[in-house]
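Chemist: here is a sequence with its predicted model. Questions after.
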Amino acid sequence: MKDYYYILGVHSDSNPNEIKKAYRKLSQKFHPDKNGDDDFFAERFKEIQEAYEVLKDDIKRSRYDSLRRAFYFSSRLTPVIEYFKSNRTEILKEEIVTFSWRTKDADSVILNPFGPVSPSGTKKVKIGNANSDYIIVELVAENSISGESVTEKLKIKYNRGTKTSKNNSSKSTIQKKQNSHRKLIFVNAIFKPLIVIAIILLTLYLISLV
């Protein structure tokens, strides 16, 4: 939307005389006849003419002011996602991932698939079973007045193992080593004395032969 006040270099509360004065000054400066019919000046002159035709008429100006206020009001109500991130890019089943975000001019924010959240904040989520190798989480920010919304997505790699299974595997390995060590101690405790006795008996037998 063109800002006619800006084009004429006046304020929105300028009176008709101020608007007329500004128009005359600019129209003389940018008139094509004084600028060799340059396209730039011709286009600028048309804008000046257009702005003045609206602002000099009370009815047209009032209608334009209403549209102008509505336009600038709605443009400030476009939601923005300033950032949306997670502390993990890869997770295991049953691990916790933390999402953080901040939005602007949004009165309805949803963290899919986990539900509504505040316009700015963090949320910790424990990830259960997933049907694919990646989890897609999206942040949807909406302004209910303007009806506009924006969306950002995060893609997190999902490994089907679990922290529990890794711990169990580690514990199992340690247990096996401990059992093997115990068996070795047991075998040494039994067979070492037998070997010593056998050596003694063999020595006595050889002596008796002599």
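Modeler: Arrived safely, thanks for sending. Numbers count the residues shown, from 1 in each chain.
Chemist: show the residue spans covered by the helices in the chain.
Modeler: Applying DSSP state H to the chain gives helices spanning 4-8, 16-30, 39-55, 58-75, 163-209.
Chemist: and the residue nearest the centre of the chain, what pLDDT?
Modeler: Residue closest to the average C-alpha location in the chain (CA atoms, centre = their mean): residue 84, at 2.0 Å. As predicted, residue 84 sits at a pLDDT of 94.
Chemist: list the beta-bridge partners for it.
Modeler: Counting by DSSP bridges, residue 84 is bridged to residue 101.
Chemist: ok, it touching residue 154?
Modeler: Yes: in this structure, residue 84 is within contact of residue 154 by CB atoms under 8 Å, at 6.7 Å. From N, CA and C alone the C-beta is placed, and that goes for glycine too.
Chemist: which residues are common contacts for these two?
Modeler: Common neighbours of residue 84 and residue 154, using CB atoms under 8 Å, 6 or more residues apart in numbering, are residue 99.
Chemist: hey, least reliable of the helices of the chain by pLDDT?
Modeler: Sorting the helices of the chain by mean pLDDT places helix 163-209 lowest, at a mean of 63.
Chemist: ok, residue 14 - how many residues close by?
Modeler: Residue 14 has 16 neighbours, counted by other CB atoms under 10 Å.
Chemist: sorry, that was for residue 111
Modeler: Using other CB under 10 Å, residue 111 has 19 neighbouring residues.
Chemist: once you drop chain neighbours, what's closest to it?
Modeler: Spatially, and ignoring its direct neighbours in sequence, residue 111 is nearest to residue 117 (4.7 Å; CB to CB, 6 or more residues apart in numbering).
Chemist: repeat that for residue 105.
Modeler: Counting by CB to CB, 6+ apart, residue 105 lies nearest to residue 79, which is 5.1 Å off, once chain neighbours are set aside.
Chemist: residue contacts, the one you found?
Modeler: 103-106, 141-143, 146, 148-150.
Chemist: now it, what are its backbone angles?
Modeler: Dihedral pair for residue 79: phi -70, psi 150, per degrees, to the nearest 10.
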